[in-house]
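**Student:** here is my input; please provide its structure:
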Amino acid sequence: MDDLARLASLHGIATTYQPAEDVTVPVPEATVKALLGLLGVVADDAEDVRVSAEDAVREAAGRLLPRTVVLWRGEPVPPEPAGLPPGTRVRVAAEETGEELAWGPGLPLGVHRLAAETPDGRTGAATLIVAPERAPAAPERAHGLLVQLYSLLSERSWGMGDLGDLAALARWAGRTHGVGFIQVNPLHAAVPGIPTDPSPYRPSTRRFPDPVHLRIEDVPEYGDCPDADALAELAARGGELRRAVLEKGALIDRDAVWALKRAALELLYAVPRTPEREAAYREFRAEQGEALDRHAAWCADHAGDDPRSGTDFHRWLVWLTVTQLAAAQSAAREAGMAVGIVHDLAVGVHPKGSDTAGPPLYANGVCVGAPPDAFNARGQDWGLPPWRPDRLEATGYAPFRALLRGVFRYAGALRIDHVMGLFRLWWIPEGAPPADGAYVSYDGEAMLAVLVLEAHRAGALVIGEDLGTVEPRVRRALARRGVLGTSVLWFERDWAGDGQPLAPEAWRADCLATATTHDLPPTAAKLAGGHVELRDRLGLLTRPVEEERAQDAEDTARWLDVLEGLGLDTKGEEAAVRALYGFLLRTPARLVGVWLPDAVGDRRPQNLPGTWDQYPNWRLPVADAAGRPLTLEALAASPRANALLGAVREGARARTAPPGARLV
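**Tutor:** Numbers count the residues shown, from 1 in each chain. All right, here's what the predicted structure looks like:
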């Protein structure tokens, strides 16, 4: 190994990557040097590289303890941390109290401080993570809905779906169709702008939710507002926004919705809170501490508010939103859901959001994305700055722990977008094309231990989005720790053989199985080939449309043959959609998710990768097969929706019933 490769390896930078099992691609030397420089490592010329490598080796050799030590409950604990000289004194300070703990199997779960001192006076310190052996287990079998919350408007919405709509959907789906969970898009706070970036995957912060999702009428102070006429006028204007979307074909306008809701919330903020409400708000402020203060101050500054009163207003908005999120989860559980609301954790944050304005945890001059692969020959740049692994580790993973604890507060489960990012991320230096990036490693065991620990404390499931190229060791580690994977029907094939669809019994059990996602065509569009025509109209195809049509039709026919071979009815679009979900129910997958637009025949994807302003990403309401937007109430009354969800419920019951049981 040459000096540059050795130096890069010591700092977690890979100098090659494998887009396929039998293909190895070198990373450009300029990329390696640029990333080393971003991590504060001098590597300008050969002498710099040699000296920096020697320094790194010497520093690692002189370290008494690794920076992080992970212990898994139920696995053997060594007599002392590995590699310490005889006679070393080991001390553990408890996470919450600082109380000294004895090293050994009885260490409590948590993130503690480990210190060591050798007989000759050398000292070392490390973060000690004691985690459960596995995350909480998924139900033996549950089916649920996948929905982009903004897209689901009820007759009470102010122009986009809100948390009141989420609770109503949970009550209907749980009680009527035995649904066990509802997975939503990330509800993180967005970066304000004109217009605001509508993507839920480029948030200002991942720790705090966005008050644009509030149901204004459900704020307890609503009924006590002295300016009821002003509130009624704002509600009426919210109704106009809703009708524009549902009846006039307008796109969801997040900025217009927020302008009305902000005006209403300013009126409600002025209403005196009851002593009980005030005490709850103060308790929340104390729990969230400096992070909430910093985020609220950032929001006030960007809104042009008075620094003092504006900061408290934005703190209050976060508290209201967290309260309504918790109420939605309670509604789901009261409706009989085994899991409840599954929240989505974006892989990163906007480069100009409140998170990056905080402590210096993020790498400057770099964005994360994905290398070229079979699905994207140019690679991808997501425009998201990554956490620096060295600085994250130096905090004892406190930002990651706080982030998880905040979301788990109101979640029955958490989906981790691009879960491979716990182990490594593709860093792209500023100005470089996505193909000229490199993988930078994180301490995957430590990140996974923190995730499992916080999930255990919340009693919540964890689902990892592990689509695409994933190292086998990563999937093994996730499965070992109880993190469910994600399996999408169209991608589940015998890739090592002839590419035929996998038989249902060959699917893995520990996963969420779905027919599609927010980045893929709805199932009706896939069956009819409509997604090919859409991509052709937008100039997104990389080969003649005739070839795309032919391959897509062949692929669909192959799947229909499989379904018919299993005795499933595929005659007609609705029957074929039901058959595809019937196939999923024949797999051992613990969770089966129904894309809610599939229930009504919607043909438009919510997001079309590769587009920006050419397609209305993240701004479409759920619509029927003719493209007519539907309210939540209309969807709940839809014969097509009820037929699909009823069939899924019966299929799920048949899958879990003992042999010979009679279903009624």
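**Student:** residues near Glu21, how many?
**Tutor:** Residues near Glu21, counting by other Cβ atoms under 10 Å, number 10. The way it works is simple: take the backbone N, C-alpha and C, and place the C-beta from them, glycine included.
**Student:** what's it sitting at in phi/psi?
**Tutor:** Dihedral pair for Glu21: phi -60, psi -30, per degrees, to the nearest 10.
**Student:** that one and Gly437: what is the separation?
**Tutor:** Separation of Glu21 from Gly437 (Cβ to Cβ, to the nearest Å): 20 Å.
**Student:** quick check: Gly356 touching Gly348?
**Tutor:** Just to correct that, residue 356 is Thr rather than Gly. No: using Cβ atoms under 8 Å, Thr356 is not in contact with Gly348; the gap is 9.8 Å.
**Student:** shared neighbours, those two?
**Tutor:** Shared contacts of Thr356 and Gly348, defined by Cβ atoms under 8 Å, 6 or more residues apart in numbering, comprise Pro385.
**Student:** what about the two, which has more around it?
**Tutor:** Counted by other Cβ under 10 Å, Thr356 and Gly348 do not tie: Gly348 has more neighbours, with 25 against 20.
**Student:** was I right about that one contacting Trp382?
**Tutor:** Yes: Gly348 is within contact range of Trp382, at 6.9 Å (criterion: Cβ under 8 Å).
**Student:** shared neighbours, the two?
**Tutor:** Common contacts of Gly348 and Trp382 (Cβ under 8 Å, 6+ apart): Arg202, Val368.
**Student:** okay, domains of the chain per the record?
**Tutor:** Listed by automatic domain parsing, the domain ranges of the chain are 68-131, 150-334.
**Student:** which stretch in those domains has the least confidence?
**Tutor:** In terms of mean pLDDT, the lowest-scoring of the domains of the chain is domain 68-131 (a mean of 93).
**Student:** end-to-end on it?
**Tutor:** One end of domain 68-131 sits 13 Å from the other (Cα to Cα, to the nearest Å).
**Student:** likewise for stretch 562-573?
**Tutor:** When the termini of stretch 562-573 are compared using Cα to Cα, they are 16 Å apart.
**Student:** list the contacts of that stretch.
**Tutor:** For stretch 562-573, contacts defined as Cβ under 8 Å, 6+ apart pick out 501, 504, 524, 527-528, 560, 575-576, 578-580, 582-583, 586, 601, 625.
**Student:** strands of the stretch 551-664 of the chain, start to end?
**Tutor:** 591-595 (DSSP state E, counting those that start in this stretch).
**Student:** now the strands for the stretch 201-350 of the chain?
**Tutor:** Using DSSP E, counting those that start in this stretch, strands in the stretch 201-350 of the chain cover 340-345.
**Student:** just give the nearest non-adjacent residue to the residue most central in space within the chain, would you?
**Tutor:** Central residue of the chain (Cα atoms, centre = their mean): Leu345, 2.7 Å from the mean position. Spatial nearest neighbour of Leu345, chain neighbours left out: Ile416 (5.3 Å); criterion: Cβ to Cβ, 6 or more residues apart in numbering.
**Student:** gap between Gly87 and Glu117?
**Tutor:** Distance of Gly87 to Glu117, given as Cβ to Cβ: 10 Å.
**Student:** so between those two, which is more surrounded?
**Tutor:** Glu117 (17 against 9).
**Student:** OK, contacts around Val77?
**Tutor:** Leu71, Trp103, Gly104, Pro105, Leu107.
**Student:** report the buried members of these.
**Tutor:** For the contacts of Val77, a neighbour count by 16 or more other Cβ atoms under 10 Å gives the buried set as Leu71, Trp103, Leu107.
**Student:** hang on, the first one is in a strand, isn't it?
**Tutor:** Going back to what we said before, that points to Leu71. Yes: with DSSP: H, G, I helix; E, B strand; the rest coil as the criterion, Leu71 is assigned to a strand.
**Student:** once you drop chain neighbours, what's closest to it?
**Tutor:** Using Cβ to Cβ, 6+ apart, the closest residue to Leu71 is Val130 (4.9 Å).
**Student:** the one you found: neighbouring residues, count only.
**Tutor:** Counted with other Cβ under 10 Å, the neighbours of Val130 add up to 21.
**Student:** what does the one 5 residues further on give?
**Tutor:** A total of 26 residues lie near Ala135 under the criterion other Cβ under 10 Å.
**Student:** nearest residue to it in space, please, no chain neighbours.
**Tutor:** In space, Ala135 is closest to Gly482, 3.9 Å off (Cβ to Cβ, 6+ apart).
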